[in-house]
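Enquirer: Here is my input; please provide its structure:
(one chain, ligands or ions: 1)
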Amino acid sequence: MKKVYFKTFGCRTNQFDTQVMMSKLKDFELTMNEEEADVIMVNSCTVTNGADSSVRAYIGGSGRKNPHAKVILAGCGSHSKGESLFEEKKVFGVIGHSEKEKINDILKYEQPFYQIGDLKHIDSTIIEEFVGKSRAFIKIQEGCDFRCSYCIIPSVRGDARSHKEADILTQIEKLASNGFGEFILTGTNVGSYGQDQNSSMAKLLKRMSMIRGVRRIRIGSLEPIQIDDEFKELLTEPWMAKHLHIALQHTSDKMLKLMNRRNEFQTDLELLEEIASKGYAIGTDYIVGHPGEDEKAWCEAIERVAHLPLTHVHAFSYSKRDNTPSATMKPEVKGNLAKARHKALTELVKEKNLAFRKAHHQNLEVLIEQGQNEIYHGYDQYFNKIEISSNEDLTSNWITIENATVKGDKNVANYE
Ligand code: SF4
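Expert: Numbering: from 1, shown residues only. This next block holds a predicted model:
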């Protein structure tokens, strides 16, 4: 049997897609050893110019341990760079996102092929990924209808479309009956779930919560405009994790406009205050150093961050992606300046996180993920990390910590 090795670049969605392909191999053997592979499937990422270069370098041979294997390109890079790599004969074949589930047949092709498919397809396989024995990530949708200036995703993953609700619920039922208690919903633009199916995130959440065994639900990320009244009504439900990740991307209205975002600072502030008033921790994504972020815009932006009830941040320094509107915008922000802004932002939110933990260190509901030498790690309902000492085996257990000690970057506690 021929052996196939998967090389995955990029985000969690790509890792899910690799799992879809792996699950479809029937006449081939999966190998984790690149050197013995007959075929290498490169599940590529194209999110920035840097990501393209890494994929190209791998395909070109540098960094690849097995130069004799057939290389097939899959993933987002197929849709942006696939044609040129194929024409240059750098890869034996190219497949688009919609072709993933046919991989077992495609791998049998003896002639070079370019099978890009379309960007409307949604896989019938719903992939789960497990952390320990009690937390599962479930991918519920694909694609995005937004057109943020810096982002290439809609043109390589297509518009938003949802997995069938019945399939998602069946999957969750199965996992819950096998002991999984926490579910994390993911996708490219998770909050757009349901708009093509006469449903909504709120409806899905309500249905999920009725499944026996579902104890806590987290949502990967939401856009501010996706949080409607129907969703807000669920904020007091006991099964909602008390942490929401709401992607703001910036806090200067000038920058939000340049980025072609659909949110504005004033409404973001009101929304976040409303959610925080219900006891929620709130995380966000934030891009610093996007073209046009002059000193005035940045000073206003960081000052505004100080007013937001944020507890977590994923800060990114802008990185150019050709064929996006942002790529030609001027003036660009110098790398060292973007780095300094990144640092200022993360430090500010770190302080906010510490203040939040000082106010929320009691009655923490912790799902333990892993442990070693009597030290265990997990996250509480606010998505804050906690380190617990115990001589019991706590792996994958739910425990309540009545009073944790708040340290600089995490909480700690003893559990007997
Ligand atoms: S919301 Fe914006 S940043 Fe996110 S995937 Fe869609 S276009 Fe890209």
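Enquirer: If you tally nearby residues, what's the number for the residue of the stretch 301-416 of the chain found nearest the ligand?
Expert: Ranking the residues of the stretch 301-416 of the chain by distance to the ligand (C-beta to the nearest ligand atom) places T324 first, at 9.5 Å. Just so you know, the C-beta spots here come from the backbone N, C-alpha and C atoms, and that holds for glycine as well. As a burial measure, T324 scores 19 neighbours (other C-beta atoms under 10 Å).
Enquirer: what's the answer for R262, then?
Expert: Residue crowding around R262 was assessed by other C-beta under 10 Å; the count is 13.
Enquirer: Please verify my assumption that it contacts A247.
Expert: No: the pair R262 / A247 is not scored as a contact, 10.5 Å apart, by C-beta atoms under 8 Å.
Enquirer: Report the set of residues contacting both of those two.
Expert: 223-224 (C-beta atoms under 8 Å, 6 or more residues apart in numbering).
Enquirer: Tell me which residues touch the residue of the stretch 301-416 of the chain closest to the ligand, please.
Expert: T324 makes contact with 149-152, according to C-beta under 8 Å, 6+ apart.
Enquirer: ok so E99 is a strand residue?
Expert: No: going by DSSP: H, G, I helix; E, B strand; the rest coil, the assignment for E99 is helix, not a strand.
Enquirer: So it is in contact with F113, correct?
Expert: No: taking contacts as C-beta under 8 Å, E99 lies outside contact range of F113: 9.8 Å.
Enquirer: more crowded one of these two?
Expert: Counting neighbours by other C-beta under 10 Å for E99 and for F113 shows that E99 has the greater number, 21 against 15.
Enquirer: what's the residue lying closest to that one once chain neighbours are set aside in contact with, if anything?
Expert: Leaving aside its chain neighbours, E99 sits nearest to G117 (4.6 Å; criterion: C-beta to C-beta, 6 or more residues apart in numbering). With contacts defined as C-beta under 8 Å, 6+ apart, G117 is in contact with 95-99.
Enquirer: Kindly report the same for S162.
Expert: Shown here is S162, whose contacts under the criterion C-beta under 8 Å, 6+ apart are 122, 140-142, 192-197, 199.
Enquirer: related to what we said a few turns ago, common neighbours of E99 and F113, please.
Expert: If you check E99 and F113 against C-beta under 8 Å, 6+ apart, the residues they both contact are I106.
Enquirer: okay, now A136: neighbour count?
Expert: Going by other C-beta under 10 Å, the residues that sit close to A136 add up to 20.
Enquirer: Isn't it up against F180?
Expert: Yes: A136 is within contact range of F180, at 4.9 Å (criterion: C-beta under 8 Å).
Enquirer: Mind listing the shared neighbours of the two?
Expert: With C-beta under 8 Å, 6+ apart applied, the overlap between the contact sets of A136 and F180 consists of F130.
Enquirer: Now do the same for L73: helix, strand or coil?
Expert: strand.
Enquirer: So that it lines up with my notes, have the first residue be 28 from now on.
Expert: Yes, from this point I'll number from 28; that puts the last item at L100.
Enquirer: Name all residues that make contact with it.
Expert: Listed by C-beta under 8 Å, 6+ apart, the contact partners of L100 are 69, 71, 82, 86, 108-109, 112-113, 118, 120-122.
Enquirer: Show me the shaky parts of the stretch 128-277 of the chain.
Expert: Within the stretch 128-277 of the chain, the set of residues satisfying pLDDT under 70 comprises 154-156, 158-160.
Enquirer: quick one, strands of it?
Expert: Using DSSP state E, counting those that start in this stretch, the strands assigned to the stretch 128-277 of the chain run over residues 140-142, 155-158, 162-166, 168-169, 188-189, 209-213, 243-246, 270-272.
Enquirer: quick one on the thing from earlier: got the contacts of S189 as a markdown table, with distance to K53 and neighbour count columns?
Expert: Formatted as a markdown table, the contacts of S189 follow (distance: C-beta to C-beta, whole Å; neighbours: other C-beta atoms under 10 Å):
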| residue | distance to K53 | neighbour count |
| --- | --- | --- |
| I149 | 22 | 17 |
| I167 | 26 | 25 |
| Q168 | 27 | 26 |
| E169 | 24 | 24 |
| S219 | 33 | 23 |
| Y220 | 31 | 28 |
| G221 | 33 | 18 |
| Q222 | 35 | 16 |
| D223 | 31 | 15 |
| Q224 | 30 | 15 |
| S226 | 33 | 15 |
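Enquirer: which of these lies closest to the ligand?
Expert: For the contacts of S189, the residue nearest the ligand by C-beta to the nearest ligand atom is S219; the value is 8.6 Å.
Enquirer: Isn't that closest one up against A187?
Expert: Yes: the pair S219 / A187 is scored as a contact, 4.2 Å apart, by C-beta under 8 Å.
Enquirer: So for the two, which residues contact both of them?
Expert: Here S219 and A187 share the contacting residues 168, 171-172, scored by C-beta under 8 Å, 6+ apart.
Enquirer: All set, thanks.
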